[in-house]
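# here is my input, please return the structure:
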Amino acid sequence: MGPPCSDGCYDTIPLPTRECMFKQFWEVGDYMVQKSFLQKQVKQVPVKRHRKTKIPDNPGKRRSYNLQYTLTMSGTSYPVCKKGFLNILGIKKGRVETAIKTVNAAGITQPDKRGRRPRTTYTVSLQCQATTHHQGNNSTSQVPPKQPE
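Take a look at the predicted model:
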């Protein structure tokens with residue numbers, strides 16, 4: 001858990017409850033389950049009011065939604081600010097942003113695409129032979145020197 005926020009979110013949630021939320025989030029261990037938890041706790045709400053821009057020709061990048069952060073424990077929902085949400089769970093903002101971006105219109109989470117290919121292993125002797133062969137190409141002979149056995 002991180003330091004308390006200045007909005008007083010830590011005052012509304014008792015310390016044992018915050019610690020329990022932190023432990024439950026990290027004891028799950030599965031990245032996809034944690035991502036789905038974050039998606040359920042963070043709601044996208046449309047912006048209530050758009051103000052006019054100073055430059056009428058360039059509407060710019062207007063925000064289309066705001067995020068509302070809540071933490072639920074034993075049926076009780078606690079509204080918290082962004083900083084309080086991140087600090088109670090001990091995560092960074094990129095983790096929440098990624099979780100929100102990976103939900104499609106039907107509400108289904110896209111699978112994690114990391115680690116799909118096996119890692120290639122290289123042996124040092126093959127790298128040395130390739131380097132020797134490469135260095136041999138720069139000289140007059142095109143054949144790499146033979147290694148004594």
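
# per-residue confidence at the residue nearest the centre of the chain?
By CA atoms, centre = their mean, the mean C-alpha position of the chain lies nearest to R95, the distance being 3.0 Å. Looking at R95, its pLDDT stands at 88.

# residues contacting it?
L38 (CB atoms under 8 Å, 6 or more residues apart in numbering). Using the backbone N, CA and C atoms, a C-beta is placed for each residue, glycine as well.

# what's the single longest strand in this structure?
For the chain, the longest strand by residue count, based on DSSP state E, is strand 65-73.

# any idea which element the residue nearest to the centre of the chain lies in?
helix 93-101 (DSSP states H and E).

# got the buried residues for that helix?
By neighbour count with 16 or more other CB atoms under 10 Å, helix 93-101 contains the buried residues 96, 99-100.

# what helices and strands are in contact with the longest strand of the chain?
helix 15-28, helix 31-41, strand 42-46, strand 76-80, helix 82-89 (3 or more CB pairs under 8 Å, 6 or more residues apart in numbering; DSSP states H and E).

# report the angle between it and strand 42-46.
Interaxial angle, strand 65-73 versus strand 42-46 (axes from the mean of the first three to the mean of the last three CA atoms, to 10 degrees): 150 degrees.
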